[in-house]
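Peer 1: for reference, the sequence and a predicted model appear below.
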Amino acid sequence: MDPQGSSQGSDTSSVLRNATFTRTDGTAPSPEAVSSSDLLLGAYDPSKLHPLAGLEDKLDYLLLEDDKVSDLPGASTAIPSRGWSDDLSYGTGTMYLSGLALGGLWGLREGSRKQLAVSNSRLRINAILNSVTRRGTFVGNSAGVLALVYNGLNSSIDAIRGRHDTLGSMAAGGFTGILYKSTAGLRPALVAATVMSGFAGAWSYVKRSV
């Protein structure tokens, strides 16, 4: 055995045994490092692991203008609206559901009072169900169509005139009534226009007064 080689090996071993190492490249572990015990014990918020965590409102294109209402003159009423799409969607849906409810009550009353050839609970229930489905769908569909046409005309009139007021609502109601009863003759169309115009004017007044 080479005595020189063995002495060099022992010197290297002693140097490594007594050496100390320190980090100088700035890669020291973060004091906020998350361990598995932190997650299990609930000491760390899991939402911070999301790729978009901490961005808040730094990304402008993610901000949705849900609170921005219509800036049309006269559009500030008791029921805020973001524009014609809100009026068309919410107005039509509300009237359709209200029509279904009212028509269902009408059918319930009609079916419960209908004369039956034989007094039987099953026949009575069947008569009530038939009346509810017939009257409910009729009133609901009619109310939904009226609201759809009215809101579309009302938004168009407001856009042309540049403002929203009771006069425009009454005009939209009148046109809606004429279109709804246009196939029934002149007199029914005028009656429907008068009724719809009155309802539209009253609704517009209530929204402004509340």
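Peer 2: On my side now, so go ahead. Numbers count the residues shown, from 1 in each chain.

Peer 1: so for residue 205, what's the pLDDT?
Peer 2: Looking at residue 205, its pLDDT reads 80.

Peer 1: give me the element it is part of.
Peer 2: For residue 205, the element it lies in under DSSP states H and E is helix 186-209.

Peer 1: for residue 163, same thing?
Peer 2: Assigned by DSSP H and E, residue 163 falls within no helix or strand.

Peer 1: just list the residues touching the closest residue in space to residue 133 that isn't next to it in sequence, thanks.
Peer 2: In this structure, residue 133 finds its nearest non-sequential neighbour in residue 107, 7.1 Å apart by CB to CB, 6 or more residues apart in numbering. The C-beta positions use only the backbone N, C-alpha and C, and glycine is treated the same way. Going by CB atoms under 8 Å, 6 or more residues apart in numbering, residue 107 touches 128, 130-136.

Peer 1: mind redoing it with 6 Å?
Peer 2: Applying CB atoms under 6 Å, 6 or more residues apart in numbering to residue 107 gives the contacts 131-132, 135-136.

Peer 1: flag every buried residue along the helix or strand hosting it.
Peer 2: For residue 107, the element it lies in under DSSP H and E is helix 84-113. Neighbour counts over helix 84-113 (16 or more other CB atoms under 10 Å) mark 84, 86-88, 91-92, 95-96, 99-100, 103-104, 106-108, 110-111 as buried.

Peer 1: for the protein, give me the ranges with low pLDDT.
Peer 2: Counting by pLDDT under 70, the chain contains low-confidence residues at 1-83, 210.

Peer 1: can we see that at 90?
Peer 2: Across the chain, the ranges flagged by pLDDT under 90 are 1-94, 110-128, 151-170, 172, 180-185, 199-210.

Peer 1: could you give the angle of the longest helix seen in it to helix 186-209?
Peer 2: For the chain, the helix that runs over the most residues, judged by DSSP state H, is helix 121-161. Put simply, helix 121-161 runs at 70 degrees to helix 186-209, going by axes from the mean of the first three to the mean of the last three CA atoms, to 10 degrees.

Peer 1: tell me which helix or strand comes right after helix 121-161.
Peer 2: Remark: after helix 121-161, the chain's next helix or strand is helix 166-180, criterion DSSP H and E.

Peer 1: now for that next one, which elements pack on it?
Peer 2: The helices and strands touching helix 166-180, judged by 3 or more CB pairs under 6 Å, 6 or more residues apart in numbering; DSSP states H and E, are helix 121-161, helix 186-209.

Peer 1: then it to CSV, C-alphas only?
Peer 2: The C-alpha coordinates for helix 166-180 follow below in CSV (Å, rounded to 0.1, in the frame of the first residue of the first chain):
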residue,chain,number,x,y,z
THR,A,166,-94.5,57.4,-18.2
LEU,A,167,-95.5,58.6,-21.7
GLY,A,168,-93.2,56.2,-23.4
SER,A,169,-94.4,53.3,-21.2
MET,A,170,-98.1,54.1,-22.0
ALA,A,171,-97.3,54.2,-25.7
ALA,A,172,-95.6,50.8,-25.5
GLY,A,173,-98.6,49.4,-23.6
GLY,A,174,-101.0,50.7,-26.2
PHE,A,175,-99.0,49.2,-29.1
THR,A,176,-98.8,45.9,-27.2
GLY,A,177,-102.6,45.8,-26.7
ILE,A,178,-103.2,46.5,-30.4
LEU,A,179,-100.9,43.8,-31.5
TYR,A,180,-102.3,41.3,-29.0
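
Peer 1: perfect, that will be all.
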